[in-house]
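Peer 1: Fold the stuff below for me.
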Amino acid sequence: MRGLGLREVVALLALAAVGVISWQFLDPAASEGGVRSTPTQGPAATRTATAEAAPPVSTPTPTAAPTATPTPLPLRELARPARFRVEVFDDRPTSGHVKVADGAVDGLALSYAGAPFPDLVDDRWSLVASARVELPEAGRYRFVLVYRGEVTVRVDGEEAARAAGPSEAGRLEVVFSHGGGPALVEIELRDRGGVAEVRWE
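Peer 2: Have a look, this model is predicted:
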């Protein structure tokens with residue numbers, strides 16, 4: 001067998017060149033530097049960041065503010081008025097509450113073992129001792145009465161204290177509130193048996 005001639009060598013080289021060119025057309029990646037791209041299996045998934053739900057914030061229950069305790073008004077001692085008007089009444093059921101005398105006394109220290117006037121019936125009469133006072137300011141005021149019988153205290157027409165004692169002397173503490181300024185103090189004493197007495201302590 002004879003060796004390949006020049007013509008056969010040229011033909012083989014041409015065939016090889018055609019093969020190389022054909023391979024480049026069949027594999028485009030080879031012509032771009034030989035780097036083969038890895039195909040993706042569908043579109044890339046887009047990862048959406050989902051914020052984790054925060055736990056509910058508890059709203060504190062509103063607490064009512066404590067109500068301030070009002071400061072009590074100062075308590076002042078009421079001085080005894082210098083002079084009282086004294087009205088005496090007949091309280092017999094047949095006559096009703098009829099005024100039979102009207103006068104004035106200094107201070108207040110009245111005591112009766114019987115009826116103060118002959119035309120009154122013992123244990124069936126009453127008196128009202130009244131005085132106008134000037135209260136320097138708004139506040140609470142206090143005074144004390146020693147009494148026997150039934151006693152009622154009014155300030156500007158409103159009852160402030162009431163008590164009924166046995167035959168021995170009782171002691172009544174009177175405390176009232178007032179806005180200050182002039183005030184009318186009335187002390188009513190009713191004879192209910194035995195000695196009738198009222199005195200400003």
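
Peer 1: Next up, the contacts around the residue lying closest to Gly139 once chain neighbours are set aside.
Peer 2: Leaving out its chain neighbours, the residue that sits closest to Gly139 by C-beta to C-beta, 6 or more residues apart in numbering is Leu73, at 4.4 Å. Every C-beta, even on glycine, is put in place using the N, C-alpha and C of the backbone. By C-beta atoms under 8 Å, 6 or more residues apart in numbering, the contact list for Leu73 reads 138-140, 177.

Peer 1: so what's Phe176 bridging to?
Peer 2: Taking DSSP bridges as the rule, Phe176 bridges to Tyr141.

Peer 1: Quickly note the distance from Leu135 to Ile187.
Peer 2: 17 Å (C-beta to C-beta, to the nearest Å).

Peer 1: what ranges do the strands span in the chain?
Peer 2: 75-77, 83-90, 98-106, 109-112, 125-135, 139-148, 150-155, 158-164, 170-178, 181-190, 196-200 (DSSP state E).

Peer 1: do you know which of those lies nearest Asp119?
Peer 2: With respect to Asp119, and counting by C-beta to C-beta, the nearest of the strands of the chain is strand 98-106 at 6.9 Å.

Peer 1: quick check: angle from the closest one to strand 83-90?
Peer 2: With axes from the mean of the first three to the mean of the last three C-alpha atoms, to 10 degrees defining the directions, strand 98-106 sits at 160 degrees from strand 83-90.

Peer 1: Tell me the strands beside strand 98-106, with direction?
Peer 2: strand 83-90 (antiparallel).

Peer 1: Give the burial count for the nearest residue to Ala104 once chain neighbours are set aside, as a bare number.
Peer 2: Spatial nearest neighbour of Ala104, excluding adjacent residues (C-beta to C-beta, 6+ apart): Arg85 at 5.4 Å. Residues lying near Arg85 (other C-beta atoms under 10 Å) number 14.

Peer 1: do the one 4 residues further on as well
Peer 2: Around Phe89 there are 20 other residues, counting by other C-beta under 10 Å.

Peer 1: hang on, the earlier thing: between Leu135 and Ile187, which one's more packed in?
Peer 2: Ile187 (26 against 17).

Peer 1: thought that one was touching Val151?
Peer 2: Yes. The pair Ile187 and Val151 passes the contact test of C-beta atoms under 8 Å, sitting 6.7 Å apart.

Peer 1: quick one on the thing from earlier: pLDDT value on the residue nearest to Ala104, please?
Peer 2: Listed pLDDT for Arg85 reads 98.

Peer 1: contacting residues for it?
Peer 2: 102-104, 129-131.

Peer 1: Next: Val133.
Peer 2: Applying C-beta under 8 Å, 6+ apart, the residues near Val133 are 78, 81, 182-185.

Peer 1: Equivalent analysis for Glu186, please.
Peer 2: 128-130, 153-155.

Peer 1: 6 Å instead?
Peer 2: 128, 130, 154 (C-beta atoms under 6 Å, 6 or more residues apart in numbering).

Peer 1: Report the separation between the closest residue in space to the second one that isn't next to it in sequence and Pro136.
Peer 2: It refers to Ser130. Take Ser130 and drop its neighbours on the chain: the residue closest to it by C-beta to C-beta, 6+ apart is Glu186, 4.5 Å away. According to C-beta to C-beta, Glu186 stands 21 Å off from Pro136.

Peer 1: Many thanks, I have nothing further to ask.
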